[in-house]
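A.B. asks: no FASTA, just this:
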């Protein structure tokens, strides 16, 4: 929120909100977040999409298997801190009903192993730490 690094500072405040774990540099930032949580989640999800989009390995929807641009602009959503691209908003229910399947398809395309969320709610909301520790990388 402030742009400060978290570091190993003892002032770090951890807040869990709707299954998402967030870390703040101090209590003031945590309180500011709680005043507009949904607005901040939109910003965090937008940052995740922007960060992962250039390396996104799939060209087909994880639900319909159709081309991502087959119904106009692809629909982007964040599940468990990962970008999932769909051909349209109608496929969101398919991801929400089985998020692990979408994450597994993404991991297979990346040549990595999916980390299966322990609960459906965890998969849907994901865990976001403002300093993302793992970013997909494409090996040339």
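C.D. replies: Sure, I can see it. Everything numeric in this text was worked out from a predicted model, so none of it was measured.

A.B. asks: could you say what helices and strands the helix ranked longest in the chain packs with?
C.D. replies: Among the segments of the chain that qualify as a helix by DSSP state H, the longest is helix 37-52. Judged by 3 or more C-beta pairs under 8 Å, 6 or more residues apart in numbering; DSSP states H and E, the packing partners of helix 37-52 are strand 75-79, strand 82-86. For the C-beta atoms, the positions are set from N, CA and C on the backbone; glycine is no exception.

A.B. asks: could you redo the last one with a cut-off of 10 Å?
C.D. replies: strand 13-17, strand 20-24, helix 27-35, strand 75-79, strand 82-86 (3 or more C-beta pairs under 10 Å, 6 or more residues apart in numbering; DSSP states H and E).

A.B. asks: list the buried residues for the second one?
C.D. replies: Along strand 20-24, the positions that meet the burial threshold by neighbour count (16 or more other C-beta atoms under 10 Å) are 20, 22, 24.

A.B. asks: any idea which residue sits dead centre in this protein?
C.D. replies: Note on the chain: the residue nearest the mean C-alpha position is residue 81, at 2.6 Å, using C-alpha atoms, centre = their mean.

A.B. asks: I'd say that residue and residue 47 touch.
C.D. replies: No. With contact defined as C-beta atoms under 10 Å, residue 81 does not count as touching residue 47 (11.1 Å).
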